[in-house]
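In: model this:
(one chain, ligands or ions: 1)
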Amino acid sequence: MAKILVEKSGPLSGTIKINGAKNAVLPILAATLLASDKCVLEEIPNLRDVSVMGELLTALGAKVSPLKDGCMEVDPSGEILGEAPYELIQKMRASFFVMGPLLAKNGVARISMPGGCAIGARPIDLHLKGFSALGAEIELGHGFVEARAEKLVGTTIYLDFPSVGATENIMMAATMAEGTTIIENAAEEPEIIDLANFLNKLGANVKGAGTDTIKIVGVESLGSTVHAVIPDRIETGTYMIAAAMTRGNLMIENVVPSHLKPIIAKLRECGVEIEEGDDYLRVDGKNLTGSVDITTLPYPGFPTDLQAQFMSLLTVTEGTGIVSETVFENRFMHVSELNRMGANIKIEGHSAVVQGHGNLQGAQVKATDLRAGAALILAGLVADGVTEIGDIYHIDRGYVAIEEKLRGVGANIRRVEEE
Ligand code: UD1
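Out: Coordinates of the predicted model:
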């Protein structure tokens, strides 16, 4: 079992380069199943979730090249099976993204139900509501969900909540449906625009991605393409918070600054100076001051995937900050771990009240999920003594070489293998 050890580090300083976005590459990899020939994907981050998705595509019958120099090739031109194996689906909720493409391509998809997830119940009802509106028969049983349709027919689908995954899955299913599909109250995340761009390069007709209404005019078939995924805004935000917390000065490269508006605004409210370039952000935390309140919301609101990291920041700013989580019902598991490090955080319903004081102490803690793990690394950078983080496989799901990147800007962090 590997662990990450973090020691108190001075102000971080230097340059960090951001990798391609995990949450863009996973649905795009699933969408390659819709192609008729080999697709080449670039800027692919070397992450555990990406290799699981590669294994899943291989198990379904696609030819997947090993990731090399950020490039991955997927050839789905052979026979593609309609059933995804339990072992792989259980490893990663995002495996469910293959349901829409399989339904569109084969007219049938049988997938093991995604398991419960540490950050809430995370149902799939909105995905299924969309498939059913397109004309699929849905059957649930024996831990599987099966969708079947002679043909999919476009329609208008209103999402009760702008779910990222449901918007993407329905968008993929609708690419080859007969007629026009309109998704209302769609999620507006940048990763959805990236998926739409990929689908359009394959020959699909998707308009409105990035707004709350997406229109997909079905086409007969899709071709193949080369596509580079967008930079990871959550990785970017994590390093921005690292600069702020350590009162350091980081140049963060390969960034789309407009994807980070809420985090830029909130850090500036805390006294952090941020210079926005075309494809970089310079973050200077020397004047970090008071606490602020944040409320997580669907894009363009404050991202739930940066809530835990921002909470770490609020443990060292002056005063009280209130963190309200509105996207997931159970995303405060990092609170007890941060409190073990001497933080003063109280949970009141869907909010956490953080009393900042800056006296964190290193302790043995556990990464309870991916972003919670990142939050503990950030806390470890400013805590006295050594912070020993266990269950770091969560962190490897979503951060490329996090220790090397942080060590490169002066952090005292290392990975150790334990017997
Ligand atoms: C995606 C991201 C994840 C991020 C989340 C919210 C990927 C691979 N993951 O997850 O990192 O935290 O968006 O920005 O892109 N819901 C339902 N029914 C459904 C689907 C979702 O009730 O059918 C609820 C969920 O339980 C949750 C909320 O909607 O409370 C948001 O979930 P959703 O936007 O679907 O997140 P994911 O796509 O799973």
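In: CA only for contacts and neighbour counts going forward, please
Out: Fine.
In: residue at max distance from the center of the chain?
Out: residue 150 (33.2 Å; C-alpha atoms, centre = their mean).
In: for it, helix, strand, or coil?
Out: What DSSP: H, G, I helix; E, B strand; the rest coil gives for residue 150 is coil.
In: Would you quantify the distance from the nearest residue to it once chain neighbours are set aside to the ligand?
Out: Leaving aside its chain neighbours, residue 150 sits nearest to residue 107 (6.0 Å; criterion: C-alpha to C-alpha, 6 or more residues apart in numbering). Relative to the ligand, residue 107 is positioned 21 Å away (C-alpha to the nearest ligand atom, to the nearest Å).
In: Residue numbers of the chain in contact with the ligand?
Out: Contact residues (C-alpha under 6 Å from any ligand atom) of the chain with the ligand: 23, 94, 121-127, 163-166, 304-305, 327-328.
In: And the residue farthest from the centre of the chain, what's its pLDDT?
Out: At residue 150, the predicted lDDT confidence score is 94.
In: Over to the residue in the stretch 251-400 of the chain positioned nearest to the ligand. Which of the three states is it?
Out: As assessed by C-alpha to the nearest ligand atom, the ligand sits closest to residue 328 within the stretch 251-400 of the chain, at 4.1 Å. Of the three states, residue 328 takes coil under three-state DSSP.
In: And for it, the neighbour number?
Out: If you count neighbours by other C-alpha atoms under 10 Å, residue 328 ends up with 15.
In: Ok, residue 69 next?
Out: 11.
In: per-residue pLDDT, residue 91?
Out: pLDDT, residue 91: 82.
In: separation between it and residue 184?
Out: Separation of residue 91 from residue 184 (C-alpha to C-alpha, to the nearest Å): 31 Å.
In: Of these two, which one has the most company?
Out: residue 184 (19 against 15).
In: Which residues are in contact with that one?
Out: 156, 157, 158, 159, 212, 213, 214 (C-alpha atoms under 8 Å, 6 or more residues apart in numbering).
In: what does residue 58 give?
Out: By C-alpha under 8 Å, 6+ apart, the neighbours of residue 58 are residue 64.
In: could I have the helix or strand containing it exported to CSV, CA atoms only?
Out: Element membership for residue 58, per DSSP states H and E: helix 48-60. Extracted C-alpha coordinates of helix 48-60, given in CSV (Å, rounded to 0.1, in the frame of the first residue of the first chain):
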residue,chain,number,x,y,z
ARG,A,48,-5.8,5.3,-13.6
ASP,A,49,-9.3,6.2,-14.8
VAL,A,50,-8.0,6.5,-18.3
SER,A,51,-6.4,3.1,-18.3
VAL,A,52,-9.7,1.6,-16.9
MET,A,53,-11.6,3.2,-19.7
GLY,A,54,-9.0,1.8,-22.2
GLU,A,55,-9.5,-1.7,-20.7
LEU,A,56,-13.2,-1.4,-21.0
LEU,A,57,-13.1,-0.4,-24.7
THR,A,58,-10.8,-3.3,-25.3
ALA,A,59,-13.1,-5.7,-23.5
LEU,A,60,-15.9,-4.4,-25.7
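In: quick check: mean pLDDT across the very next helix or strand once past that helix?
Out: Moving toward the C-terminus from helix 48-60, the next helix or strand (DSSP H and E) is strand 63-64. Summarised as a single mean, pLDDT over strand 63-64 is 98.
In: For residue 227, list the residues it contacts.
Out: 39, 40, 41, 42, 198.
In: So what's the predicted local confidence for the closest residue to residue 287 other than its chain neighbours?
Out: Once flanking residues are discounted, residue 287 sits nearest to residue 271: 5.5 Å by C-alpha to C-alpha, 6+ apart. pLDDT, residue 271: 96.
In: just the helices in the stretch 101-250 of the chain please.
Out: Counting by DSSP state H, counting those that start in this stretch, the stretch 101-250 of the chain has helices at residues 125-133, 164-174, 190-202, 233-245.
In: Could you dump the ones you listed into CSV with mean neighbour count and mean pLDDT added?
Out: Formatted as CSV, the helices of the stretch 101-250 of the chain follow (neighbours: other C-alpha atoms under 10 Å; pLDDT from 0 to 100):
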stretch, mean neighbour count, mean pLDDT
helix 125-133, 20, 95
helix 164-174, 27, 98
helix 190-202, 23, 98
helix 233-245, 27, 98
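In: Residue 262: how many residues sit nearby?
Out: Residues near residue 262, counting by other C-alpha under 10 Å: 18.
In: That one and residue 302 touch, don't they?
Out: Yes - using C-alpha atoms under 8 Å, residue 262 is in contact with residue 302, at 5.3 Å.
In: For residue 12, list the residues it contacts.
Out: 242, 243, 246, 247, 248, 249, 250, 409, 410, 411.
In: number of nearby residues for the closest residue to residue 163 other than its chain neighbours?
Out: Sequence neighbours aside, residue 187 is the residue nearest to residue 163 in space, at 5.7 Å (criterion: C-alpha to C-alpha, 6+ apart). By the criterion of other C-alpha under 10 Å, residue 187 has 28 neighbours.
In: what do you get for residue 139?
Out: There are 12 residues near residue 139, going by other C-alpha under 10 Å.
In: how close does the closest residue to it other than its chain neighbours get to the ligand?
Out: Nearest in space to residue 139, with sequence neighbours left out and distances taken as C-alpha to C-alpha, 6+ apart, is residue 146 at 5.1 Å. To the ligand, residue 146 is 15 Å away according to C-alpha to the nearest ligand atom.
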